[in-house]
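**Student:** Quick check, what structure comes out for this input:
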Amino acid sequence: MKAQWRYLTVYLLLSLAALFIQTHATHAVPVAQPLTGIPTQLGEWKMIRQTEFSPKVLAGLRPTDYLFREYVDSQGRNLSLYIGYHDGGPDSGPIHSPKHCLPGSGWHAVAEQTTQLAIAGEQLKVVQSLYAKGSSQEFFVYWYQVKGEVLTNEYALKIAEIRNAMLHRRKDSAFIRISVPDAANIADPAALAGDFITRVFPHIQAALPL
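**Tutor:** This is a model prediction of the structure:
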């Protein structure tokens with residue numbers, strides 16, 4: 001009974017907060033620096049491709065700025081970087097959870113955990129997940145950012161967006177994902193992604209607004 005009342009209380013508070021956001025204007029917050037300014041070479045990682053999404057894909061994702069690149073290291077191992085930024089303005093859509101998008105395209109989760117990566121003496125909390133589709137496997141590392149705060153689940157993301165809308169009249173947010181394809185044939189995809197993240201994270205921080 002207590003758990004039910006706690007759920008109802010949280011639901012009521014979120015509903016009231018959502019009503020407040022709908023009836024009080026928020027302003028769009030641009031990126032601090034263009035996402036395309038993120039280096040095409042990061043240590044031994046070199047960009048090999050940068051993709052522009054079709055109008056149909058953009059209409060579904062609705063970011064106000066985005067970056068989708070593939071990088072390769074000196075051993076020929078590749079990964080992709082996606083950053084989707086939503087400035088909170090009228091043209092900005094909500095962030096789509098990978099937990100919904102990937103199963104919808106035929107992938108299923110094999111394993112998932114929240115962990116921390118050491119970057120420049122600080123701990124970055126991220127989600128690591130392994131997905132499979134037939135005999136193929138792909139390893140993902142992702143997180144969300146809201147006003148400089150790193151988050152790892154959709155509930156915390158929504159709370160942060162509501163808090164910032166109420167206190168600062170802004171609801172900008174970002175989704176960052178690193179994908180390692182062909183993960184079954186890589187000895188340690190988590191270490192591979194971790195090495196790339198330690199190099200790119202400072203540039204992501206510089207590009208996203210605080």
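**Student:** quick one, helices of this structure?
**Tutor:** 2-23, 55-61, 98-104, 154-168, 189-207 (DSSP state H).
**Student:** Any idea which of those helices has the lowest pLDDT on average?
**Tutor:** Within the helices of the chain, confidence is poorest for helix 2-23, with a mean of 59 (mean pLDDT).
**Student:** Find the residue at the geometric middle of this protein.
**Tutor:** The C-alpha lying nearest the average C-alpha coordinate of the chain belongs to residue 175 (CA atoms, centre = their mean; 2.2 Å).
**Student:** which residues sit in contact with it?
**Tutor:** Residue 175 sits next to 82, 83, 84, 95, 96, 142, 144 when contact means CB atoms under 8 Å, 6 or more residues apart in numbering. All C-beta spots, glycine's among them, are computed from the backbone N, C-alpha and C.
**Student:** Quick one, which of those residues has the minimum pLDDT?
**Tutor:** Within the set of the contacts of residue 175, pLDDT is lowest for residue 96 (80).
**Student:** for that one, phi and psi?
**Tutor:** Residue 96 adopts backbone torsions of phi -90, psi 130, taken as degrees, to the nearest 10.
**Student:** quick one: the spatially closest residue to residue 120 that is not a sequence neighbour and residue 42, what's the gap?
**Tutor:** Once flanking residues are discounted, residue 120 sits nearest to residue 202: 7.0 Å by CB to CB, 6 or more residues apart in numbering. Per CB to CB, to the nearest Å, residue 202 is found 10 Å from residue 42.
**Student:** Equivalent analysis for residue 201, please.
**Tutor:** From residue 201 over to residue 42 (counting by CB to CB), the distance is 10 Å.
**Student:** quick one on the thing from earlier: starting from residue 93, give me the distance back to the residue nearest to the centre of the chain.
**Tutor:** Distance check for residue 175 against residue 93: by CB to CB, it reads 11 Å.
**Student:** Likewise for residue 80?
**Tutor:** In terms of CB to CB, residue 80 sits 21 Å off from residue 93.
**Student:** Might you report the residue contacts of residue 168?
**Tutor:** Contacts of residue 168 by CB under 8 Å, 6+ apart are residue 147.
**Student:** And for the one 10 residues further on?
**Tutor:** Under the criterion of CB under 8 Å, 6+ apart, the contact list for residue 178 reads 79, 80, 81, 82, 140, 141, 142, 193, 196, 197.
**Student:** The fifth one touches residue 131, doesn't it?
**Tutor:** Yes: assessed by CB atoms under 8 Å, residue 140 is found in contact with residue 131 at 6.8 Å.
**Student:** So for the two, which sits in the more crowded spot?
**Tutor:** Using other CB atoms under 10 Å as the criterion, residue 140 and residue 131 rank with residue 140 on top: 25 against 22.
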